[in-house]
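Engineer: Sharing a model prediction with you, sequence too.
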Amino acid sequence: MNITQEKIDNLNAVVKIKISPEDYTEKVDKTIKEQAKKSTLPGFRKGMVPAAHIKKMYGRSILVETVNALLSENLNKFLTENKVEILGQPVPVVDNTKDFKWDGTDAFEFDYEIGLAPAVEVNITAKDKFTQYNVKADDETLASRIKNIRRSYGKMTNPEVSADDDVLYAELAQLSPDGSVFEGGITNTGSIRLDQVKDKTILKSLIGLKKDAVLELDLQKALGNNQAVIAKLLNIGEDEAKDLQSKFQVTVKNINRLEESDLNQEFFDKIFGEGIVTDEAGFTAKITEEIEGMFKQDADRKLQNDMYTQLTENVKMDLPDEFLRKWLKATNEKLSDAELEEGYNDFAKNLKWTLIENKIIKDNSIEIKYEDVFQTAKQRLDAQFRMYSPAPMPEDQLSQYTATFLQEKDNANRIFEEVKAIKVFEYIQSVATLDQKDIAYNKFQELVESV
């Protein structure tokens, strides 16, 4: 077997692989003999099928599989041993002038296009500046979080008259254009959450209602054309909900209200553990700490995104764009030319960032250990659980969840890539200049949304 590389330019090359009968004959014969021992065919006892018979029936397919295995194994070996850094995967060159017989006498020659990784220089200094936001809880956000927690530990009541944030348990019946109930139309009994009503005038009409009250309701207007909410309320599909224009007759059957828990010691102990918080000021301080901890994650993402954007724009490199487009098409048969062009710039930008990451890791001998991956996964799971309850999960139980979570290959790979990115960002932060800036959460949200 002979493998050579012909460089077209700094970003493109062709690998040529020549395979002679001497390279594959022994492997093919061995496979045929093994197949003969295992085969069960009419007219032959098991294991007594002649090799010549197997060769006649399956020799061509065995040869094809053998040659493909040789190509894959030796192409990858060649690239690894010669330290050829490629982007994507080799793409076979289709040559219709080559007509192989596949009879065991062919001297094969296959060509593969490869895209070469460009040389990358990443020089980060104190002259590189970024803004690090310290996001503070504004009064509205803090009040909303406290309200949600108190309601989570509150109790359900059935008041006589509806008020803000109540839930109306009601019968709904589709109306005809003349206002009468539509015979054979949509009917259902469901819960109308007043906190989901977007139209202020309609919301006002739903406050002050009593049991057995009957009214006419435009669900699309009331619920802000939210297909998912309307579909769930009426027990219909979202496509049907999207096209629904009818008004509905609403008959209130009950009023449900989730009362907020009292701010007492029993409530504090349920959330934080016995005696950790003893008064309302301590409770507010703890909740502020919790949500500002979550805000820090948002601020970190903003900082990382700024770093990503600045470096991908400032670090100059060329990519083998024509080859990469060809490779993307070859590996995604359903990808249209329009979809390829629409998404290619984002793909190329992410690829550039990967090359920048790898260069930083290599130049600075950055290590990624399993313990780093485990602890990051543990933190992510802990944050998810705290979305449902501020009370922390027992440490041993959280560790068990984490170990199980990382047994899934996709989860492990995702967290590994996250840790890799974190370490790169930490390095950038240690070298670049970070300008500290305090900002209220609502203003920070406006800033993020404006980008």
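Structural biologist: Structure's in. What do you need? Numbers count the residues shown, from 1 in each chain.
Engineer: only C-alpha atoms for contact and neighbour calcs from this point on.
Structural biologist: OK.
Engineer: the strands in the protein, which residues?
Structural biologist: Secondary structure of the chain by DSSP state E: the strands cover 2-7, 12-19, 86-92, 108-116, 129-136, 155-157, 167-174, 187-193, 214-217, 248-259, 433-440.
Engineer: possible to save these as CSV with distance to Asp199?
Structural biologist: Output for these, formatted as CSV (distance: least, CA to CA, whole Å):
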stretch, distance to Asp199
strand 2-7, 66
strand 12-19, 59
strand 86-92, 51
strand 108-116, 56
strand 129-136, 31
strand 155-157, 26
strand 167-174, 16
strand 187-193, 13
strand 214-217, 11
strand 248-259, 16
strand 433-440, 28
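Engineer: Of those, flag the one that's most buried.
Structural biologist: Compared across those, strand 167-174 shows the largest average neighbour count, a mean of 23 (mean count of other CA atoms under 10 Å).
Engineer: what pLDDT, on average, does that one get?
Structural biologist: Across strand 167-174, pLDDT averages out at 96.
Engineer: re earlier: out of the strands of the chain, flag the one nearest Met294.
Structural biologist: strand 129-136 (9.5 Å; CA to CA).
Engineer: For the closest one, which outside residues touch it?
Structural biologist: 292, 295-296, 299-300, 303, 306-307, 432-441, 444 (CA atoms under 8 Å, 6 or more residues apart in numbering).
Engineer: next one: stretch 60-79
Structural biologist: By CA under 8 Å, 6+ apart, stretch 60-79 touches Ile3, Ile17, Tyr24, Lys27, Val28, Thr31, Ile32, Glu85, Trp102, Asp103, Gly104.
Engineer: again with stretch 348-364
Structural biologist: The contact list for stretch 348-364, computed with CA under 8 Å, 6+ apart, reads Val120, Glu121, Val122, Tyr308, Leu311, Thr312, Met317, Leu319, Ile366, Glu367, Ala421, Val424.
Engineer: Dump the C-alpha coordinates for it into PDB.
Structural biologist: Coordinates of each C-alpha in stretch 348-364 appear next as PDB, following Å, rounded to 0.1, in the frame of the first residue of the first chain:
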ATOM      1  CA  ALA A 348     -17.300  29.100  10.000                       C
ATOM      2  CA  LYS A 349     -17.400  31.400  13.000                       C
ATOM      3  CA  ASN A 350     -17.800  28.500  15.500                       C
ATOM      4  CA  LEU A 351     -15.100  26.600  13.700                       C
ATOM      5  CA  LYS A 352     -12.700  29.600  14.100                       C
ATOM      6  CA  TRP A 353     -13.500  29.800  17.800                       C
ATOM      7  CA  THR A 354     -12.700  26.100  18.100                       C
ATOM      8  CA  LEU A 355      -9.300  26.700  16.500                       C
ATOM      9  CA  ILE A 356      -8.700  29.700  18.800                       C
ATOM     10  CA  GLU A 357      -9.700  27.500  21.900                       C
ATOM     11  CA  ASN A 358      -7.400  24.700  20.800                       C
ATOM     12  CA  LYS A 359      -4.500  27.100  20.300                       C
ATOM     13  CA  ILE A 360      -5.000  28.700  23.700                       C
ATOM     14  CA  ILE A 361      -5.100  25.300  25.400                       C
ATOM     15  CA  LYS A 362      -2.100  24.100  23.600                       C
ATOM     16  CA  ASP A 363       0.100  27.200  24.000                       C
ATOM     17  CA  ASN A 364      -0.700  27.400  27.700                       C
END
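Engineer: residue contacts, Thr40?
Structural biologist: Thr40 neighbours (CA under 8 Å, 6+ apart): Lys46, Gly47, Val49.
Engineer: Just the buried ones among those residues, please.
Structural biologist: Val49 (16 or more other CA atoms under 10 Å).
Engineer: Adding pLDDT and distance to Asp195, write the contacts of Thr40 out as CSV.
Structural biologist: Converted to CSV, the contacts of Thr40 look like this (pLDDT from 0 to 100; distance: CA to CA, whole Å):
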residue, pLDDT, distance to Asp195
Lys46, 76, 73
Gly47, 75, 74
Val49, 81, 76
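Engineer: And the residue nearest to Pro177 when sequence neighbours are not counted, how close does it get to Val451?
Structural biologist: With CA to CA, 6 or more residues apart in numbering as the criterion, Pro177 has its nearest non-adjacent residue at 7.4 Å, and that residue is Ser246. According to CA to CA, to the nearest Å, Ser246 stands 39 Å off from Val451.
Engineer: So between the two, which is more surrounded?
Structural biologist: Neighbour count, other CA atoms under 10 Å: between Ser246 and Val451, Ser246 has more, with 19 against 5.
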